[in-house]
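In: return a 3D structure for these sequence lines:
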Amino acid sequence: MPATQPAGGEQNPSPAGPPTATPGTTRVGWIGTGVMGAAMAGHLLSAGYPLTVATRTRDRAKQLLDAGASWADTPAELAADADIVFSMVGFPADVREVLLGPDGALATARPATVLVDMTTSEPALAVEIATAAAERGVLALDAPVSGGDVGARDGTLSIMVGGAPEALEAVRPCLEAMGRAIVRQGGPGAGQHTKMVNQILIASTMVSISEALLYAYRNGLDVEQVLASVSGGAAGSWSLTNLAPRVIAGNFAPGFYVDHMVKDLGIALAEARRARLALPGLALAHQLYVALQAQDRGRDGTQALVHALASLSGQPFPPAPVPRAPFPA
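Out: The predicted model follows:
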């Protein structure tokens, strides 16, 4: 396992190269139907790709099965008849199991099959998968995404790709059904490293959004009016537009789990250590999300971070305004 290979190092593709995905012809396998995965797979089904699904719990795939997808009991069974296999699971251990395990997709994948892991995972694991795949004449891409449940539902995800360019071009029509920004970052592992950049940006942004909302509440402002003012200015961001309204509404349902954010930031911190980088903002965000887990909020959405920050001031959320003279009219 050449885990020390630099991110962006190229892999030798299958000599023949895979054919370009074509609706109605290309057989697609999908592993994992969580908060985002089910919607992403649904776009492929709607685009006309024959779709086979494998998940741990068949009930999680019911909507896809009712819409015409087929079922496979294991990733190996799924991959035996697939031209492209997508995986969107929770943790690196899950990725290893569904792709490299005894009943994993690679065990039965035919030459020129393309494995596309869209899970946010470890760059070194992406390199390991690509190397193992190449030994069987199979191609592999790491293609994590950003955009949350909204982007998954709307088909507007940003997709960060690592792997051989011919593999990307073969699966591009499928990716275009799920996302808008599809950018190849380099060889195996480069997509995962780019996703770490994304998560570092998002994590610190959510800290500042949470602090800003707490400040607005505590000072007696109309928080929705405040959001109307600041979201269109220099402070604007995807998270402010999409997640702050959920916080105001008291909606902490997951678009992206706190547990998964802790996993992602842990990977980013480990990669930062390997690169001998001190990233204190990342470390702070990681610890605040760990605090949410300690508050039994690991299955909440990442916008629940406001609770961890409110607790530092001994406040509930939303905090009551500080008593003071009313604002002049």
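In: could I get the full set of helices for the stretch 151-300 of the chain?
Out: Secondary structure of the stretch 151-300 of the chain (DSSP state H, counting those that start in this stretch): helices at 165-176, 190-218, 223-230, 238-242, 244-248, 258-274, 280-294.
In: among those, which comes closest to residue 73?
Out: helix 165-176 (23.3 Å; CB to CB). (Glycine included, C-beta is placed from N, CA and C.)
In: list the buried ones in that closest one?
Out: For helix 165-176, the neighbour count (16 or more other CB atoms under 10 Å) marks 167-168, 170-175 as buried.
In: pLDDT weak spots in this structure?
Out: By pLDDT under 70, the low-scoring segments of the chain are 1-16, 325-329.
In: switch to 50 and redo it
Out: 1-15 (pLDDT under 50).
In: for it, which strand is longest?
Out: strand 179-186 (DSSP state E).
In: ok, and what's touching that strand?
Out: 7-9, 145, 147, 151, 155-163, 165, 168, 172, 175-176, 190-191, 193-194 (CB atoms under 8 Å, 6 or more residues apart in numbering).
In: now, of the residues you listed, which are buried?
Out: 7, 9, 145, 147, 151, 155, 157-163, 168, 172, 175, 190-191, 193-194.
In: redo the helices of the stretch 151-300 of the chain as CSV? Include distance to residue 61.
Out: Formatted as CSV, the helices of the stretch 151-300 of the chain follow (distance: least, CB to CB, whole Å):
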stretch, distance to residue 61
helix 165-176, 18
helix 190-218, 25
helix 223-230, 37
helix 238-242, 26
helix 244-248, 26
helix 258-274, 20
helix 280-294, 28
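In: for the closest residue to residue 281 other than its chain neighbours, grab the count of nearby residues.
Out: Using CB to CB, 6 or more residues apart in numbering and skipping the chain neighbours, the partner closest in space to residue 281 is residue 204 (4.9 Å). Using other CB atoms under 10 Å, residue 204 has 15 neighbouring residues.
In: got a list of what residue 204 touches?
Out: Residue 204 touches 281-282, 285, counting by CB under 8 Å, 6+ apart.
In: try residue 316
Out: residue 310.
In: what's the answer for residue 102, then?
Out: Counted by CB under 8 Å, 6+ apart, residue 102 has contacts residue 76.
In: so how far is residue 52 from it?
Out: From residue 102 over to residue 52 the distance is 19 Å, taken as CB to CB, to the nearest Å.
In: kindly report the same for residue 155.
Out: For residue 155, the distance to residue 52 - CB to CB - is 21 Å.
In: and residue 123, how far from residue 95?
Out: Applying CB to CB to residue 123 and residue 95 gives a distance of 12 Å.
In: likewise for residue 221?
Out: Taking CB to CB, one finds residue 221 at 44 Å from residue 95.
In: try residue 155
Out: In terms of CB to CB, residue 155 sits 23 Å off from residue 95.
In: repeat that for residue 40.
Out: Counting by CB to CB - residue 40 and residue 95 are separated by 16 Å.
In: what do you get for residue 139?
Out: Distance from residue 139 to residue 95, by CB to CB: 16 Å.
In: same check, this time on residue 312
Out: 34 Å.
In: neighbour-wise, which of those two wins?
Out: In this view residue 312 and residue 95 are compared by other CB under 10 Å, and residue 95 has more residues nearby, 28 against 11.
In: quick one: secondary structure of the more buried one?
Out: Per DSSP: H, G, I helix; E, B strand; the rest coil, the secondary structure class of residue 95 is helix.
In: 15 is where my numbering starts, stick with that
Out: Noted, 15 is the first residue going forward, which turns the last one into residue 109.
In: how about the contacts made by it?
Out: Residue 109 neighbours (CB under 8 Å, 6+ apart): 101, 103, 131, 133, 135, 139, 143.
In: which two in those are spaced the farthest apart?
Out: Longest span within these, CB to CB: 103 and 143, 12.8 Å.
In: those two - which one has more neighbours?
Out: Neighbours of residue 103 and residue 143, each counted by other CB under 10 Å, are more numerous for residue 143; the result is 29 against 24.
In: isn't the more buried one up against residue 129?
Out: Yes: using CB atoms under 8 Å, residue 143 is in contact with residue 129, at 6.8 Å.
In: now list whatever residues contact both of the two.
Out: 113, 120, 154.
In: contacts only, for the first one.
Out: Contacts were defined as CB under 8 Å, 6+ apart; by that measure residue 113 touches 89, 101, 119-120, 129, 131, 143.
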